[in-house]
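Q: fold the following, please.
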Amino acid sequence: MKQANEIIFTELQNRIINLELEPGTVINEKALMEEFDVSRTPVREALIKLSQIGLIETRPRVGTFVTQIEIKSVKNAYEVKKNLEGLAAELAAKRATDEEIEELFEIIERFKGYDIVKDYKLCIQDDQRFHYLIRQAARNEILIEVLDMLNTKTARFLQSIRYVISDYDWFSNSLVDIADAIRARDSEEARKHTEIHTKEFLDQMSRHFFG
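A: Have a look, this model is predicted:
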């Protein structure tokens with residue numbers, strides 16, 4: 001069972017990523033204590049963890065706020081992800097369970113039913129879920145921790161720009177290539193296709209947003 005601080009952290013992280021709590025929003029400890037019906041300690045533990053991954057900041061004698069989205073930080077996150085996502089896929093091809101692989105293909109099937117413009121939020125969430133499953137399947141706690149932090153930055157950015165997949169055929173085929181390689185337990189192909197996927201995505205972001 002999750003501890004109270006973990007529940008609060010996960011809930012606030014999701015609200016910030018999905019922009020229910022926008023950059024600059026004041027974080028009120030007392031209101032959180034009342035909402036989650038807990039003491040101050042688990043709230044503060046959750047806020048410290050959110051601060052450590054850069055989602056909130058505390059200004060002495062002023063208050064605690066949701067941080068702004070910094071383009072340079074997002075670009076840096078994508079550059080690091082380019083290699084680490086490949087490593088995660090390589091390890092996942094060796095360690096993923098049949099259930100994890102099955103869910104990868106379930107996500108690919110869900111994409112076929114989306115209107116990529118109208119359902120852009122669902123597309124972002126399922127893309128994040130796809131990569132989350134792969135890094136969890138890598139069974140490497142350090143790699144998971146680092147990629148979780150990087151994906152928090154990029155997911156919030158994609159929600160803020162209301163990112164719509166510009167080339168659906170490429171995107172869909174790319175996910176299939178990755179999932180097929182993991183199902184075939186071909187770690188070399190899994191890494192290759194994931195690196196191609198993340199490099200192309202970074203190139204798209206660079207052309208439109210990073211300059």
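Q: only C-alpha atoms for contact and neighbour calcs from this point on.
A: Fine.
Q: how would you label the residue nearest to the spatial centre of the chain: helix, strand or coil?
A: Among the residues of the chain, residue 151 comes closest to the average C-alpha position under Cα atoms, centre = their mean, at 3.3 Å. At residue 151 the chain is in helix, as set by DSSP: H, G, I helix; E, B strand; the rest coil.
Q: quick one, strands of this structure?
A: Along the chain, the segments classed as strands by DSSP state E run 26-27, 56-59, 63-66.
Q: can you put those strands in a markdown table and add distance to residue 40, mean neighbour count and mean pLDDT?
A: Listed next are the strands of the chain as a markdown table, based on distance: least, Cα to Cα, whole Å; neighbours: other Cα atoms under 10 Å; pLDDT from 0 to 100:
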| stretch | distance to residue 40 | mean neighbour count | mean pLDDT |
| --- | --- | --- | --- |
| strand 26-27 | 13 | 18 | 96 |
| strand 56-59 | 16 | 18 | 94 |
| strand 63-66 | 15 | 18 | 96 |
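Q: where does the residue of the chain most remote from its centre fall, phi/psi-wise?
A: Most distant residue from the mean C-alpha position of the chain: residue 61, 32.0 Å away (Cα atoms, centre = their mean). Dihedral pair for residue 61: phi 60, psi 10, per degrees, to the nearest 10.
Q: residue contacts, it?
A: For residue 61, no contacting residues are found, by Cα atoms under 8 Å, 6 or more residues apart in numbering.
Q: please tell me how far it sits from residue 12.
A: 22 Å (Cα to Cα, to the nearest Å).
Q: could you do residue 24 as well?
A: Counting by Cα to Cα - residue 24 and residue 12 are separated by 14 Å.
Q: more neighbours: those two, which one.
A: Taking other Cα atoms under 10 Å, residue 24 and residue 12 do not tie; residue 12 has more neighbours (20 against 14).
Q: need the pLDDT of the more buried one.
A: pLDDT, residue 12: 97.
Q: show me the helices in the protein, by range?
A: 4-17, 29-36, 40-52, 71-95, 98-112, 120-137, 141-160, 168-183, 187-205 (DSSP state H).
Q: pLDDT below threshold where in this structure?
A: 1, 211 (pLDDT under 70).
Q: again, only this time at 80
A: 1-2, 208-211 (pLDDT under 80).
Q: on that earlier part again, what's near enough to touch the residue nearest to the centre of the chain?
A: By Cα under 8 Å, 6+ apart, residue 151 lies in contact with 77, 128.
Q: what distance do you get for it to residue 183?
A: Distance of residue 151 to residue 183, given as Cα to Cα: 24 Å.
Q: the nearest residue to residue 174 once chain neighbours are set aside - how many residues pack around it?
A: In space, and not counting its chain neighbours, residue 174 is closest to residue 197: 6.2 Å by Cα to Cα, 6 or more residues apart in numbering. When neighbours are defined as other Cα under 10 Å, residue 197 has 21 of them.
Q: does residue 197 really touch residue 173, like I thought?
A: No. Between residue 197 and residue 173 there is no contact under Cα atoms under 8 Å: 9.8 Å.
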